[in-house]
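> Generate a structure from the sequence data that follows.
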Amino acid sequence: MREGERDAGPLVPHAILDVDGTLVDTNYQHAIAWYRAFRQHGRTLPIWRIHRHIGMGGDQLVAALAGEQWDDEHGDDVRTAEKALYMALIEEVEPLDGARGLIEDLKERGHTVVLASSAKENEVDHYLDLLDARDLADGWTTSADVDATKPEPDLVKAAIEKAGGGDAVMVGDTTWDVEAAKRAGVETITVLTGGFSEAELRDAGAGWTFESIQALREGLADTPLG
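Purely as a prediction, here's the structure:
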């Protein structure tokens, strides 16, 4: 970690928190679900390759992994299968250590906090319950709020709009979070909880990288959310 590497600059009003892989530990369940969905439709992909695309929305992930033609022929079926396969694993999902505490810390510092997810409403509802965040966060997004998923900037822009507009900083865990935020003109703080390395996240453009949510909480003063 290099929390103090950069000048954090002025305080910003909005904290946009990615949900999957950042606040709740879902990335590997999603990788398994996608692996099984592809395999059901005759395409076996190495799970490590699938994992490198977790954080990218399903509307783009299939083509990125299997090509545009295969997506045209099988993509909708694979996406439908993945949803069902993931829901069979969702009860195994737990909040990451310190996730709710981070929201509390940010609220205490006067930030508007919006949870950013392009998941279906029932998934987001489950995560809100796990985090006990309904009365704590200022708002959240679902798939209904975006036309295109990460790395497109729609999700970040929708979250900022829910926060009331203005400056924001994104907290995420994947290179796709960083890219989406960058396209929205937003800086990103990242954590390693999604399985992406510090080097990958920094190469993608993350300004601050922490090993965990707890480490981020301890180092908030060295970031724009301090």
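
> Distance of Ala184 relative to Pro224?
15 Å (Cβ to Cβ, to the nearest Å). C-betas here are computed from N, CA, C, even on glycine.

> oh sorry, the question was meant for Leu45
Taken as Cβ to Cβ, the span from Leu45 to Pro224 is 37 Å.

> cool, Ala31 as well?
For Ala31, the distance to Pro224 (Cβ to Cβ) stands at 31 Å.

> secondary structure class for Arg49?
Under DSSP: H, G, I helix; E, B strand; the rest coil, Arg49 falls in the helix class.

> For it, give me its contacts.
Leu65 (Cβ atoms under 8 Å, 6 or more residues apart in numbering).

> list the buried ones in stretch 156-164?
Neighbour-count burial for stretch 156-164, counted by 16 or more other Cβ atoms under 10 Å, picks out 156-160, 162-163.

> Looking at Leu45 and Pro224 now, which is surrounded by more residues?
Pro224 (21 against 14; other Cβ atoms under 10 Å).

> The more buried one reaches Val171, doesn't it?
No: counting by Cβ atoms under 8 Å, Val171 is not a contact partner of Pro224; they are 10.6 Å apart.

> Give me the common contacts of these two.
Counting by Cβ under 8 Å, 6+ apart, the shared contacts of Pro224 and Val171 are Ile189.

> Leaving out chain neighbours, which residue sits closest to Leu23?
Ala99 (4.2 Å; Cβ to Cβ, 6 or more residues apart in numbering).

> Assess the claim that that neighbour and Thr26 are in contact.
No: using Cβ under 8 Å, Ala99 makes no contact with Thr26, being 11.8 Å away.

> So which residues of this structure form helices?
Assigned by DSSP state H, the helices in the chain fall at 27-40, 47-51, 58-66, 68-87, 99-108, 121-131, 154-163, 175-183, 198-204, 213-218.

> So for Ile16, which of those sits nearest?
Ile16 lies closest, by Cβ to Cβ, to one member of these: helix 154-163, at 4.5 Å.
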